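Asks: Got a sequence here, can you build the structure:
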Amino acid sequence: MRNYYDILGVSQQASTEEIKRAYRKLARKLHPDVAGPGSEDEFKEVQRAYDVLSNAEKRQMYDLGGESAFSGGMPGGGFGGFSDFFDTFFSAATGGGSAHGPVPRGRRGQDALVRLDITLADAVFGTSKDIQVDTAVVCSTCQGTCCAPGTSPVTCSTCGGRGSVQRVARSFLGQVMTTAPCPECRGHGTIIETPCTECSGDGRVRTRTTITVDIPAGVDSGTRIRMTGRGEVGPGGGPAGDLYIETHVRAHPVFARQGDDLHCTLTIPMTAAALGTVITLETLDGERDITIAPGTPSGHVEVLRGLGVTHLRSAGRGDLLCHLDVAVPTNLTDRQQELLAELAELRGEERVEPKIAPASSVFSRLREKIGL
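Replies: Modelled structure (predicted):
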């Protein structure tokens, strides 16, 4: 096999850019579409040389051991087996059969996610809910051992319980001893000769269980509550994962939520807005009286402090904001029209003279309305 540097026509001290230029020049010259039949082998040889010398790690390996650095215990020409080699070398030096020992059968279970619908009142005050979850639990027959009752795992005769086997492999340093998981016991060091029939040797079974979830006050749609260790039990009776409850707050017929504040709209007759009135509103905290002063305009907001949503991560609650909507009467009777006409005459409003506000005032109110 020719030296890779000679194949590309560069020195061993060549830079990466010099190697790239040399490869491009030869690739254009030797490509089968240009050079014709018979150039394939030489073209592949150039590609192989460039693949190694353009990669800093591969180039270092090649400089140390030549072409033999990419055979034997390190397939593919990279560092894939380099760390394994040193693990094996130092393991052998200390007399150990495996750097890590047998692999435990028990593994952590998967996390689970459940969506839970709640009411706005549940989100405001908090609550507890019982939910049913399909999950994996420890097998009650074998208690997670995976073995039939009265039996136990036996030591693997192939690896002697180490969970790994050793083999001789070639590398650029010569023959070395490498370590691999035992194919007979799959690295566990033991073999289950009589699996549990209830769980088929998995150490767990699927079932439907009821779990009580504490919903803290202040949650919103998309809030996730983590219940540590309430997810699926792992294979081999391994530790359970976590259960996540994602809340979804159903829409309320009266109140709309914005942050920790609640909003509602109160529609009152024109006469009530003009004369003033008292409105009884059924809030989430019970009935509350709202006094509307005489002459209150449409769009006025009455704020009920502390009747909003509980703050999730701090004390206190948001507010309840009641937006006033004054209804203009329609379909008036003749008598009603006469009375309104009389009122307009008394107030000197037979002819409407609109008051035109400055543009700056209009835009100011618009910004306040949209929250800018």
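Asks: Can you pull the poorly scored residue ranges out of the stretch 101-250 of the chain?
Replies: The stretch 101-250 of the chain contains residues with pLDDT under 70 at 169-175.
Asks: can we see that at 90?
Replies: 101-105, 164-181, 183, 186 (pLDDT under 90).
Asks: For the helix or strand containing Glu345, which outside residues touch it?
Replies: Element membership of Glu345, judged by DSSP states H and E, is helix 334-346. With contact meaning C-beta atoms under 8 Å, 6 or more residues apart in numbering, helix 334-346 is reached by 329, 332, 349-350. To be clear about C-beta, it is placed using only N, CA and C from the backbone, and glycine gets the same treatment.
Asks: Stretch 242-255 now?
Replies: The contact list for stretch 242-255, computed with C-beta under 8 Å, 6+ apart, reads 111-120, 122-123, 131, 133, 135, 211, 213, 215, 219-231, 257, 262-264, 282, 284, 320.
Asks: Now stretch 118-138: buried residues?
Replies: Burial within stretch 118-138, assessed by neighbour count using 16 or more other C-beta atoms under 10 Å, is assigned to 118, 120, 122-127, 133, 135-138.
Asks: and of the residues you listed, the nearest to Thr158?
Replies: Val138 (29.3 Å; C-beta to C-beta).
Asks: distance of the closest one from Val205?
Replies: Distance, Val138 to Val205, using C-beta to C-beta, to the nearest Å: 8 Å.
Asks: what is in contact with the two at once?
Replies: Residues touching both Val138 and Val205 (C-beta under 8 Å, 6+ apart): there are none.
Asks: quick one: contacts of stretch 303-322?
Replies: Stretch 303-322 has contacts (C-beta under 8 Å, 6+ apart) with 123-126, 216-220, 223, 255, 257, 259-266, 281, 283-285, 288, 290, 301-302.
Asks: 7 Å - rerun?
Replies: With contacts defined as C-beta atoms under 7 Å, 6 or more residues apart in numbering, stretch 303-322 is touched by 123-125, 216-219, 257, 259-264, 266, 281, 283, 285, 288, 290, 301-302.
Asks: Can you give me the buried ones in it?
Replies: So stretch 303-322, judged by 16+ other C-beta under 10 Å, has buried residues 304, 307-310, 317-322.
Asks: With secondary structure and distance to Leu243 added, can I get the residues you listed in JSON lines?
Replies: As requested, these are exported to JSON lines (DSSP: H, G, I helix; E, B strand; the rest coil; distance: C-beta to C-beta, whole Å):
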{"residue": "Leu304", "secondary structure": "strand", "distance to Leu243": "37"}
{"residue": "Leu307", "secondary structure": "coil", "distance to Leu243": "33"}
{"residue": "Gly308", "secondary structure": "coil", "distance to Leu243": "30"}
{"residue": "Val309", "secondary structure": "coil", "distance to Leu243": "25"}
{"residue": "Thr310", "secondary structure": "strand", "distance to Leu243": "24"}
{"residue": "Arg317", "secondary structure": "strand", "distance to Leu243": "29"}
{"residue": "Gly318", "secondary structure": "coil", "distance to Leu243": "29"}
{"residue": "Asp319", "secondary structure": "coil", "distance to Leu243": "34"}
{"residue": "Leu320", "secondary structure": "strand", "distance to Leu243": "34"}
{"residue": "Leu321", "secondary structure": "strand", "distance to Leu243": "36"}
{"residue": "Cys322", "secondary structure": "strand", "distance to Leu243": "39"}
